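Colleague: here is my input; please provide its structure:
(chains A and B)
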2 protein chains.
Amino acid sequence: VETGDAGRLEEFLDGLHPADIADLLEQIDESEREAFLRLWAGDSVGEVLSELDEGLREDVISLLDPERLQAAVRDLDTDDVVDLVEDLEDVQKEAILDALEDVDRYAVEQALGYPEDTAGRLMQRDVVTAPEDWTVGQMIDFLRDNEDLPDQFYHVTLVDPRMVPLGNVTLGRMLSARRSVMLRDLTEETFIPIHATESGENVAYAFNQYHLISTPVVDDGGRLVGVITIDDAMIVLSDEHEEDILRLAGVGDASMSDNVMETVRVRLPWLAVNLGTAILASVVISQFENVLASVVALAVLMPIVASMGGNAGTQALTVAVRALATRDLTGSNMLRVVRREALVGLVNGVAFAVVMGVIGWAWFGSAVIGAVLGAAMIINLLVAGLSGILIPVVLERLKLDPALASGTFVTTVTDVVGFFAFLGLATQVLL
Amino acid sequence: VETGDAGRLEEFLDGLHPADIADLLEQIDESEREAFLRLWAGDSVGEVLSELDEGLREDVISLLDPERLQAAVRDLDTDDVVDLVEDLEDVQKEAILDALEDVDRYAVEQALGYPEDTAGRLMQRDVVTAPEDWTVGQMIDFLRDNEDLPDQFYHVTLVDPRMVPLGNVTLGRMLSARRSVMLRDLTEETFIPIHATESGENVAYAFNQYHLISTPVVDDGGRLVGVITIDDAMIVLSDEHEEDILRLAGVGDASMSDNVMETVRVRLPWLAVNLGTAILASVVISQFENVLASVVALAVLMPIVASMGGNAGTQALTVAVRALATRDLTGSNMLRVVRREALVGLVNGVAFAVVMGVIGWAWFGSAVIGAVLGAAMIINLLVAGLSGILIPVVLERLKLDPALASGTFVTTVTDVVGFFAFLGLATQVLL
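Modeller: Numbering: from 1, shown residues only, chains lettered A, B, ... in the order given. From the prediction side, this is the model:
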């Protein structure tokens, strides 16, 4: 396609959804991207920009002709503009804001006034509202006369004269009612207005838990300031999951289009932390140089104890982090879960102690080494289960992200305890 | 609350959403649950059941009075009934199906005829359709006269006489148009019917990528058989994420309400696999007993090489698994990504080689040990980056889940390579 044939490119892209064009832009490399943007004259630039990975947006925006960019931005809903500009540098941000009509610019700036990652940033300003004493007929007439409706809306929100939201009427119910029916008699049972400063995480939780499609956003005075729809909540949910899974692996943020030094910058700090904890484990080992020098079998077997502990700890940890994120692990079932993890660790520990005891014995012909190995295994898997649940819980209590640092803490604990238990016991028994 | 006071319980639960009651049931323990179900006479049993964790449903259903259960099930949409019965044993399943009206029973059985985890299982049978030549006015009159509409619907789907879907009209657009407007002039640009045998994963992808709210499901003949709405897609998306994160940690499936032996059964197999690979690493170490016996510092330092490799590999792996899941990693950018991972591994390797070389030298007063440590670090981080990307890619090509087994493979590779490189080099240089 990149033969410079703009006509054929246009033809090909015409059939594509903006999200697919954005994906395409993410997958080609930098020089191809430049050529692509020079050739392409399609009119879905705005939508493509808002679908694009954040890491690439700045690059693509700086490659675009300013006039084209401004035209593109004017077509977007205000929540998409907010999403687009919030991570841009000031110069680019100003250029985009200047392109907006006054009323939209005001809406975008208001939204940017709310802290990052809150309902205020996610919401769309255009809300379809109705006074509480309207009938279905009045509402339909109003909608038919109104030119300036949002692209997508699923509810009419009833408000009192002070703009406090009172209830949602789904369009489906409205359409199936007679014109004379009062809107207030059609409101949904589940109605959960969200405060503008509520975190994105809580917004996603509410949508997921209560199967919301759209819900009003209110300010300190309880007055309606916007609406959040499920597509925004779905994006937040995906981002949260992504963050959890990447943080558990010690990768801050990642995209396929990152370059090498960018990627190193993201991953190196975490490896440095891991180096620190690995050295700590080595210091523990170095305390037992005597026994290691006289029984070299210990050096062969000790990684098994550490590795099993690390794995069992990661299992318990991952389940705990997920349960905290989905709010399945709370104060009321905490004790039961901790007891369960301890018992699971113990049962697994005994099972593998028997297996490893036999293997250690058979391999090195020493029942004592087998026994030490088995005992260390039980201790380490018990500790793994406990630290796997307790470390994320404590981090959460300290208002830290349990996904972020738990992995390193847990494997540090299991490495240190594993080496200490195995080599310590061996010193007692063998020297 | 469990003092046996049914009145107070009822009062408390009345204000709760069924999803919250389900959460409550998940958090209390078994005996409390029994007492709870005896006391509670609320009428949202059906909804609570469909919100409940799958692992618990069978228990709760068997605790319920059969008549109450049947009444509860009759209130549910057919897709919720499908979701409810698909994992039940045959006796319970029959009891529930018998409770349904014939037409619903037929719909549920049809849906159960599609393979698990496909669009056919997720879809709702009740679809609001209209002939392609209807006007807005005709449609509104039809909706007003129709008693039996789905609880929630967002589109009217236009169909031809053979029931082939032609387009979706959002209720919002319909409401804001004059009665004389043709429905076919209001259809949405993005219209993506989904085949009934499409996988749940692809359904979630389509909803996420194209911001769908609801979309028709078609059979082999292209005829409309149902509709999937975004709340179903959101649940699939959550489940997929959950599965990925748990599988990466070697936990098959997990819920907070599992008991100890259940949890052991899920986690033990994975630990057994890990034991196998840990033993493999130990076998590698045992090949170098000579050098270990003469230079005990090697036993102290070798876990550092393995641990750094394991971490770097997990980082690359997690990014790759995510990118495969979100389809950001494809044939067209594969080579570039592999090259990037190799370079990242090399850069990180050199950085930590310098640090560790100095530490090894300072700690054990031997420049040679420092050099060996540094060289092994470079090799292992390079291998970690490559195996972190290539192993999930190969698993994916083999149609296996890249999240499932990658972690163990990658750490096996980094352990084996780490110990082999470090101890092998040491043997060459020090003996």
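Colleague: going forward, measure contacts between C-alpha atoms and count neighbours the same way
Modeller: Fine.
Colleague: just give me the neighbour total for the nearest residue to residue A:312 once chain neighbours are set aside.
Modeller: If the residues on either side of it in the chain are set aside, residue A:312 comes closest to residue A:384, at 5.9 Å by CA to CA, 6 or more residues apart in numbering or on different chains. Neighbour count for residue A:384, taken as other CA atoms under 10 Å in any protein chain shown: 34.
Colleague: would you mark the buried spots in the strand or helix carrying residue A:384?
Modeller: With the criterion set as DSSP states H and E, the secondary-structure element containing residue A:384 is helix A:367-397. Of the residues in helix A:367-397, those scored as buried under the neighbour-count criterion (16 or more other CA atoms under 10 Å in any protein chain shown) are A:367-393, A:395-396.
Colleague: chain center to it: distance?
Modeller: Mean-position distance between helix A:367-397 and its chain equals 29 Å (CA atoms, centre = their mean, to the nearest Å).
Colleague: and it, what does it pack against?
Modeller: Contact here means 3 or more CA pairs under 8 Å, 6 or more residues apart in numbering or on different chains; DSSP states H and E; on that basis helix A:367-397 packs against helix A:297-325, helix A:334-364, helix A:402-430.
Colleague: may I see the buried residues of the second one?
Modeller: For helix A:334-364, burial by neighbour count (16+ other CA under 10 Å) applies to A:334, A:336-338, A:340-361.
Colleague: near chain B too, which of the residues you listed?
Modeller: A:337, A:340-341, A:343-344, A:347-348 (CA under 8 Å from any CA of the partner chain).
Colleague: now those as CSV including pLDDT?
Modeller: Putting those into CSV (pLDDT from 0 to 100) gives the following:
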residue, pLDDT
A:337, 87
A:340, 89
A:341, 91
A:343, 93
A:344, 92
A:347, 94
A:348, 94
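Colleague: may I ask which two of the residues you listed are separated the most?
Modeller: Spatial extent of these (CA to CA) is set by the pair A:337 and A:348 at 16.2 Å.
Colleague: middle-most residue in chain A, spatially?
Modeller: In chain A, the centroid-proximal residue (CA atoms, centre = their mean) is residue A:240; its distance is 1.5 Å.
Colleague: element containing that residue?
Modeller: When secondary structure is defined by DSSP H and E, residue A:240 falls within helix A:230-248.
Colleague: identify each buried residue in that helix, please.
Modeller: Across helix A:230-248, burial judged by 16+ other CA under 10 Å covers A:230-234, A:236-238, A:240-248.
Colleague: other SSEs contacting the helix or strand harbouring residue A:59?
Modeller: In this structure, residue A:59 is located in helix A:54-63 according to DSSP H and E. Contact partners of helix A:54-63 among helices and strands, from 3+ CA pairs under 8 Å, 6+ apart: none.
Colleague: need phi/psi at the residue in the stretch 1-150 of chain A that chain B sits nearest to.
Modeller: In the stretch 1-150 of chain A, the residue that lies nearest chain B is residue A:144 (4.1 Å; CA to the nearest CA). Here is the backbone geometry of residue A:144 (degrees, to the nearest 10): phi -70, psi -30.
Colleague: cool, and the one 5 residues further on?
Modeller: Dihedral angles of residue A:149 (phi, psi; degrees, to the nearest 10) stand at phi -90, psi 150.
Colleague: how about the strands in the stretch 1-150 of chain A?
Modeller: Chain-ordered strands for the stretch 1-150 of chain A, with DSSP state E, counting those that start in this stretch as the definition, fall at A:129-131.
Colleague: and it, which residues reach chain B?
Modeller: Contact residues of the stretch 1-150 of chain A with respect to chain B, defined by CA under 8 Å from any CA, are listed as A:17, A:19-20, A:23, A:26-28, A:140, A:143-146.
Colleague: low-confidence stretches in the stretch 151-300 of chain A?
Modeller: A:252-258 (pLDDT under 70).
Colleague: where does it get nearest to chain B, residue-wise?
Modeller: residue A:176 (4.1 Å).
Colleague: okay but that residue is in contact with residue B:144, surely?
Modeller: Yes - using CA atoms under 8 Å as the test, residue A:176 is close enough to residue B:144 to be in contact (4.1 Å).
Colleague: pLDDT wise, what is residue A:99 at?
Modeller: Per-residue confidence (pLDDT) for residue A:99: 81.
Colleague: now residue A:4
Modeller: Residue A:4 is given a pLDDT of 63.
Colleague: about what we covered before: ok, the residue of the stretch 151-300 of chain A closest to chain B - how many residues close by?
Modeller: The number of residues packed near residue A:176 is 19, by other CA under 10 Å.
Colleague: contacts only, for it.
Modeller: Applying CA atoms under 8 Å, 6 or more residues apart in numbering or on different chains, one finds that residue A:176 lies in contact with B:140, B:143-146.
Colleague: contacts with chain A among those, please.
Modeller: Contacts with chain A within those, as defined by CA under 8 Å from any CA: B:140, B:143-146.
Colleague: so which of the residues you listed belong to helices?
Modeller: Among the ones next to chain A among the contacts of residue A:176, the members falling in helices are B:140, B:143-145 (criterion: DSSP state H).
Colleague: ok, those residues vs residue A:95, which is closest?
Modeller: residue B:140 (44.9 Å).
Colleague: which residue, other than its chain neighbours, is closest to that closest one?
Modeller: Leaving aside its sequence neighbours, residue B:140 is closest to residue A:175 (6.1 Å, by CA to CA, 6+ apart).
Colleague: so that neighbour sits right up against residue B:142, yeah?
Modeller: No - in this structure, residue A:175 is not within contact of residue B:142 by CA under 8 Å, at 9.6 Å.
Colleague: neighbour-wise, which of those two wins?
Modeller: Between residue A:175 and residue B:142, counted using other CA under 10 Å, the more crowded position is residue A:175 (22 against 14).
Colleague: list the contacts of that one.
Modeller: Residue A:175 sits next to B:140, B:143-144, B:175 when contact means CA under 8 Å, 6+ apart.
Colleague: who are the contact partners of the residue of the stretch 1-150 of chain A closest to chain B?
Modeller: Applying CA under 8 Å, 6+ apart, one finds that residue A:144 lies in contact with B:175-178.
Colleague: now, these that are in strands?
Modeller: The members of those all map outside strands under DSSP state E.
Colleague: distance to residue B:153 for the residues you listed - can I get that in CSV?
Modeller: Formatted as CSV, the entries for the contacts of residue A:144 read as follows, by distance: CA to CA, whole Å:
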residue, distance to residue B:153
B:175, 14
B:176, 17
B:177, 18
B:178, 21
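Colleague: redo the helices and strands packed on helix A:367-397 as CSV? Include distance to residue A:263.
Modeller: Shown next, in CSV, are the helices and strands packed on helix A:367-397 (distance: least, CA to CA, whole Å):
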stretch, distance to residue A:263
helix A:297-325, 24
helix A:334-364, 36
helix A:402-430, 18
